[in-house]
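Student: pasting the structure only:
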């Protein structure tokens, strides 16, 4: 992690300047940095698009091989709005954590680490810096969980780590529903997904409640937490199985958000619901054409065992609505490969049932700054899920591959029913330069802050 100083510590210093500055002799465009050997100049135009700045700054820090000074004051001088200053600091501290705090189990040929010295006026920007630091700390926590191999981050270990992280934090209530409790509650979807998981990966739901605003509604963040996904009996090909230890990213991001909100004592009511298990194969694994009964009582025919994340989330959604009395439910999941085809790895796909909450989320993303793109909810997509089974209330997939991210979102929306619902498919945006990224973390944090 970086250090904060008022003076230069290293030979190289990164400084923001105007594109119109006389030092910009070669008329470099916004973000086209150049150097004189001792100073790296970053030209900024009068109107900076913050999500692009976030991505550019992350790329710069990733490619930087030396320890450098970063004159944050020079960057902040380009912005007048408090939310823009916060967004810039979020981007800088997040990029710093991304490049300096890397999870590694190497014993030889270790990658050398470098540091950054931040030059920032704490008397002017101290409150913004504190938020950015806590946000970066929580992001790093989520990233570490995402990077841990499946044999290290079992469901048992996930639970232990979360309990340790939240121990002693005020206004936090933590509980865990283990497999026997899930079966007793008749959560037939998540328990089926993990019914052949080894003991250390048996299904459970980790619930972390943060209540610090008695008059506000309750927001639920429901995160997918598959510690490994083989695809089940619809076994993934080898090339698509690599990286499936990160199928718990949604759970890590949602719970890390609760940590940041609680540490900063934000006045809001948010509960994290992490649906944890693994999707394995075995003689007693759930099969294609099995019909399962969900926690809300409806039946689901399984037409693909590799569409398991939505099953675990569906029971989590019902729990958030029925047991926790959530007014708004947000699901966060590495849910479909199809979202990569639709949006690539730059944007996170978002589905939202309420226009006012979509507007709040859109603003939250702009102030994060992170890139999101709204995707469509439609009765046609919902009917493709409902009509794809002859014998159950619905199937877990639609008949074809067309619009399959949309039909996956509508499957979840069926369980949210009349509750305000937002779904974030982060399957494409959780990786940058072959490293994990806690996608949408800052957006969700801003959304929870603004939630009424």
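Tutor: It's in. Note that the structure is a prediction, hence the values are computed from the model and not measured. Residues are numbered from 1 along each chain as shown.
Student: For the rest of this, base every contact and every neighbour count on C-alpha atoms.
Tutor: OK.
Student: Output the below-cut-off pLDDT ranges for the stretch 101-250 of the chain.
Tutor: 112 (pLDDT under 70).
Student: could you pull out the helices for it?
Tutor: Using DSSP state H, counting those that start in this stretch, the helices of the stretch 101-250 of the chain run over residues 122-147, 155-166, 179-184, 188-193, 238-241, 249-263.
Student: for stretch 125-140, which positions count as buried?
Tutor: 125, 128-140 (16 or more other C-alpha atoms under 10 Å).
Student: can you check stretch 156-166 too?
Tutor: Quick answer for stretch 156-166 (16+ other C-alpha under 10 Å): 156, 158, 159, 162, 163, 166.
Student: Once you drop chain neighbours, what's closest to the first one?
Tutor: Put plainly, it is residue 156. Once flanking residues are discounted, residue 156 sits nearest to residue 200: 5.2 Å by C-alpha to C-alpha, 6 or more residues apart in numbering.
Student: where's that neighbour relative to residue 51, distance?
Tutor: Per C-alpha to C-alpha, to the nearest Å, residue 200 is found 40 Å from residue 51.
Student: So between those two, which is more surrounded?
Tutor: Taking other C-alpha atoms under 10 Å, residue 200 and residue 51 do not tie; residue 51 has more neighbours (20 against 15).
Student: How about the more buried one: what's its closest non-neighbour residue?
Tutor: Using C-alpha to C-alpha, 6+ apart, the nearest residue to residue 51 is residue 369, at 4.7 Å.
Student: So which residues of the stretch 1-150 of the chain form strands?
Tutor: For the stretch 1-150 of the chain, the strands defined by DSSP state E, counting those that start in this stretch occupy 3-5, 13-18, 34-35, 39-44, 68-71, 116-119.
Student: picking up where we left off before, for residue 213, find the nearest of the helices of the stretch 101-250 of the chain.
Tutor: helix 249-263 (11.7 Å; C-alpha to C-alpha).
Student: ok, back up a step: local confidence estimate at the residue nearest to residue 51?
Tutor: pLDDT recorded at residue 369 is 93.
Student: Equivalent analysis for residue 28, please.
Tutor: On pLDDT, residue 28 comes in at 81.
Student: Now that it has come up, it's in contact with residue 19, right?
Tutor: Yes: look at residue 28 against residue 19 with C-alpha atoms under 8 Å: they come within range, at 6.7 Å.
Student: ok, the two, which is more surrounded?
Tutor: residue 19 (21 against 17).
Student: Might one say that that one is in contact with residue 30?
Tutor: Yes: assessed by C-alpha under 8 Å, residue 19 is found in contact with residue 30 at 6.4 Å.
Student: Overlap in contacts, those two.
Tutor: The contact sets of residue 19 and residue 30 overlap at 43, 44, 45 (C-alpha atoms under 8 Å, 6 or more residues apart in numbering).
Student: residues near the nearest residue to residue 192 once chain neighbours are set aside, how many?
Tutor: Distance criterion C-alpha to C-alpha, 6+ apart; nearest residue to residue 192, sequence neighbours excluded, is residue 286 at 6.1 Å. By other C-alpha under 10 Å, 25 other residues sit near residue 286.
Student: what residues are up against residue 286?
Tutor: 192, 193, 195, 232, 233, 305.
Student: one more time with 10 Å
Tutor: With contact set as C-alpha atoms under 10 Å, 6 or more residues apart in numbering, residue 286 has these partners: 189, 191-196, 232-233, 279-280, 292, 302, 304-305.
Student: Let's see if you can find the most crowded of those residues.
Tutor: residue 279 (30 neighbours).
Student: Tell me the bridge partners for that one.
Tutor: residue 229 (DSSP bridges).
Student: any idea of the pLDDT on it?
Tutor: Per the predicted model, pLDDT is 98 at residue 279.
Student: residues in contact with it?
Tutor: Contacts of residue 279 by C-alpha under 10 Å, 6+ apart are 190, 192-197, 201-203, 226-233, 235, 285-286, 305-309.
Student: Quick check: residue 226 touching residue 306?
Tutor: No: contact status for residue 226 versus residue 306: not in contact, 11.5 Å apart, counting by C-alpha atoms under 10 Å.
Student: Show the end-to-end separation of stretch 58-75, please.
Tutor: 15 Å.
Student: What separation is there between residue 437 and residue 339?
Tutor: 16 Å.
Student: my bad, should have said residue 190
Tutor: Counting by C-alpha to C-alpha, the gap from residue 190 to residue 339 is 23 Å.
Student: Those two - which one has more neighbours?
Tutor: residue 190 (33 against 24).
Student: nearest spatial neighbour of the more buried one, skipping sequence neighbours?
Tutor: Closest to residue 190 by C-alpha to C-alpha, 6+ apart is residue 312, at 4.2 Å.
Student: Quick one: residues contacting the residue lying closest to residue 94 once chain neighbours are set aside.
Tutor: Nearest residue to residue 94 in three dimensions, chain neighbours excluded: residue 136, at 5.0 Å (C-alpha to C-alpha, 6+ apart). Residues in contact with residue 136, defined by C-alpha under 10 Å, 6+ apart, are 1, 89-98, 130, 142, 260, 441-442.
Student: Look up how far residue 358 lies from residue 136.
Tutor: 25 Å.
Student: And for residue 370?
Tutor: 15 Å.
Student: Comparing the two, which shows the higher neighbour count?
Tutor: Neighbour count, other C-alpha under 10 Å: between residue 370 and residue 358, residue 370 has more, with 25 against 18.
Student: In stretch 352-371, which residues are buried?
Tutor: Those would be 352-353, 357-358, 360-371, for stretch 352-371 by 16+ other C-alpha under 10 Å.
Student: out of these, who's nearest residue 394?
Tutor: The closest of those, once distances to residue 394 are taken by C-alpha to C-alpha, is residue 353, at 20.3 Å.
Student: quick one: the closest one from residue 402, how far?
Tutor: Distance of residue 353 to residue 402, computed by C-alpha to C-alpha: 21 Å.
Student: repeat for residue 228
Tutor: Taken as C-alpha to C-alpha, the span from residue 228 to residue 402 is 26 Å.
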